[in-house]
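1. this is the structure alone, sequence omitted:
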């Protein structure tokens, strides 16, 4: 399975057509390796539409779409042979990411409103990777499907985990 080790970032390459952005290794040279080409993104597209198209360098198609698990509508990374990674909410800005051969915990380091705090991906007590909204630095091998799912969870979360209208207490 495709994995990420080291630094990578999502870069916008176009507004219309495919790809609209790419996930590239962040190396010093200009010929950075493209890990995945990504189609247009959007909350409605991912959770209620056909999903976000992902194309690997070998040409195999993946999709980031939604699935129903445990009464929640959650993001799922799929390939033609089945599901690769599933994310579910386990608390406020904390998620479980499960795949065929792994189970990770993904959470924000600080839990304050709309700040841009870094996110951590852990397996038990071992920190695997640090994420921002558009970049990742992995100290250990992390499956590509889990990385793509982490970016989706940072941007959109899981529908229904937070209230759209805050409660007023009198």
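-> Perfect, I can see it now. What you see is a predicted model; the values in this text were computed from it and never measured.

2. average pLDDT across the longest helix along the chain?
-> Counting by DSSP state H, the longest helix found in the chain is helix 144-156. For helix 144-156, mean pLDDT is 92.

3. so how far is it off the chain centroid?
-> Relative to its parent chain, helix 144-156 has a centroid offset of 0 Å by CA atoms, centre = their mean, to the nearest Å.

4. same question for it: list its buried residues.
-> 144-154 (16 or more other CB atoms under 10 Å). Every C-beta, even on glycine, is put in place using the N, C-alpha and C of the backbone.

5. between those residues, which is nearest residue 54?
-> When the buried residues of helix 144-156 are ranked by distance to residue 54 (CB to CB), residue 148 comes first, at 6.3 Å.

6. contacts only, for that closest one.
-> Neighbouring residues of residue 148 by CB atoms under 8 Å, 6 or more residues apart in numbering: 23, 36, 38, 54, 62, 64, 77, 85.

7. what about the second one, neighbour count?
-> Applying other CB atoms under 10 Å, we find 22 other residues in the vicinity of residue 36.

8. got it, and residue 124?
-> Around residue 124 there are 7 residues (other CB under 10 Å).

9. residue numbering should commence at 538 henceforth.
-> Okay, using 538 as the starting number, the last item reads as residue 661.

10. backbone dihedrals for it, please?
-> phi 60, psi -120 (degrees, to the nearest 10).

11. so how far is residue 558 from it?
-> Distance of residue 661 to residue 558, given as CB to CB, to the nearest Å: 32 Å.

12. now do residue 695
-> With the distance defined as CB to CB, residue 695 ends up 22 Å from residue 558.

13. repeat for residue 686
-> 16 Å.

14. now residue 541
-> Taken as CB to CB, the span from residue 541 to residue 558 is 16 Å.

15. okay if I get the buried residues of helix 681-693 as TSV plus distance to residue 641?
-> Below are those laid out as TSV (distance: CB to CB, whole Å):
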residue	distance to residue 641
681	13
682	11
683	6
684	10
685	13
686	9
687	9
688	14
689	14
690	11
691	14
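
16. so which of those comes closest to residue 582?
-> For these, the nearest to residue 582 is residue 689 (11.0 Å; CB to CB).
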